[in-house]
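Visitor: Structural data only, the sequence is not supplied:
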């Protein structure tokens, strides 16, 4: 695919503040009059949002492989119906989570074959990769401070599962290029400024 727009992805564990920062960056671009859309995974389209509801409903018991395939089905529709057309039309696409999340949660967290996850990611994305990734790191103490209120099916997982996922993020982030690593405990406005500076330099 010959992309004309830019694809920016926010990755990180639950409660790390990535959704807040994704929205702040979107608002920043809108104020500048840029062509930009914001979306999320799982979700982003009518069909993909219905799959999201299934995946995150705490009442549902879903096997790891079924969970993986549902995420990839949601992604395939998301890419085809929203992300790819927007990029071809010259939009900057900001996405809250993408393939790294699947590697961390379903690959390492659920213990599924990482090679299988990578292959399915490639198929579902049609080979589309982020131009820029903003990666968030969240300490255990900071997570405990933020983990209140209702939890979805994934957020309700055990501390052991969360530990595997966080470890996976750290490992994956180390091997990535074009990534800005963020300490989630830093000030919201300081984080936003760092992200704007980093992204602006790479979009000139």
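Guide: Received the coordinates, thanks. These numbers come from a predicted model, not from an experiment.

Visitor: how about the strands in this structure?
Guide: Taking DSSP state E to define them, one finds strands in the chain at 7-11, 36-40, 92-96, 132-137, 179-183.

Visitor: Out of those strands, which one sits most buried?
Guide: The highest mean neighbour count among the strands of the chain belongs to strand 7-11 (a mean of 25), with neighbours defined as mean count of other C-beta atoms under 10 Å. Every residue, glycine included, has its C-beta placed from N, CA and C.

Visitor: just the angle between that one and strand 132-137, please?
Guide: Using axes from the mean of the first three to the mean of the last three C-alpha atoms, to 10 degrees, the direction of strand 7-11 lies 10 degrees away from that of strand 132-137.

Visitor: Out of the strands of the chain, which is closest to residue 121?
Guide: Among the strands of the chain, the nearest to residue 121 by C-beta to C-beta is strand 7-11 (12.4 Å).

Visitor: And the average pLDDT for that closest one is what?
Guide: Averaged across strand 7-11, the pLDDT comes to 98.

Visitor: and it, what does it pack onto?
Guide: The criterion is 3 or more C-beta pairs under 8 Å, 6 or more residues apart in numbering; DSSP states H and E, and the helices and strands that strand 7-11 contacts are helix 18-31, strand 92-96, helix 99-102, strand 132-137.

Visitor: So in that sheet, which strands flank the second one, and in what orientation?
Guide: Sheet partners assigned to strand 92-96 using DSSP bridges are listed as strand 7-11 (parallel), strand 36-40 (parallel).

Visitor: Now render those as a markdown table, adding distance to residue 49.
Guide: Below are the strands paired with strand 92-96 laid out as a markdown table (distance: least, C-beta to C-beta, whole Å):
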| stretch | distance to residue 49 |
| --- | --- |
| strand 7-11 | 18 |
| strand 36-40 | 9 |
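
Visitor: Run a quick neighbour tally on residue 23.
Guide: Counted by other C-beta atoms under 10 Å, the residues lying close to residue 23 total 15.

Visitor: Could you find the closest non-adjacent residue to it?
Guide: residue 38 (6.7 Å; C-beta to C-beta, 6 or more residues apart in numbering).

Visitor: At the geometric centre of this structure, which residue do we find?
Guide: To find the centre residue of the chain, average its C-alpha atoms and take the closest one (C-alpha atoms, centre = their mean): that gives residue 97, at 0.8 Å.

Visitor: show me what contacts the closest residue to it other than its chain neighbours?
Guide: Nearest residue to residue 97 in three dimensions, chain neighbours excluded: residue 41, at 4.5 Å (C-beta to C-beta, 6+ apart). Contact analysis of residue 41 by C-beta atoms under 8 Å, 6 or more residues apart in numbering lists 48, 71, 74, 75, 78, 95, 96, 97, 98, 101.

Visitor: Among those, which one lies nearest to residue 125?
Guide: Taking C-beta to C-beta as the measure, residue 75 is the one of the contacts of residue 41 closest to residue 125, at 6.5 Å.
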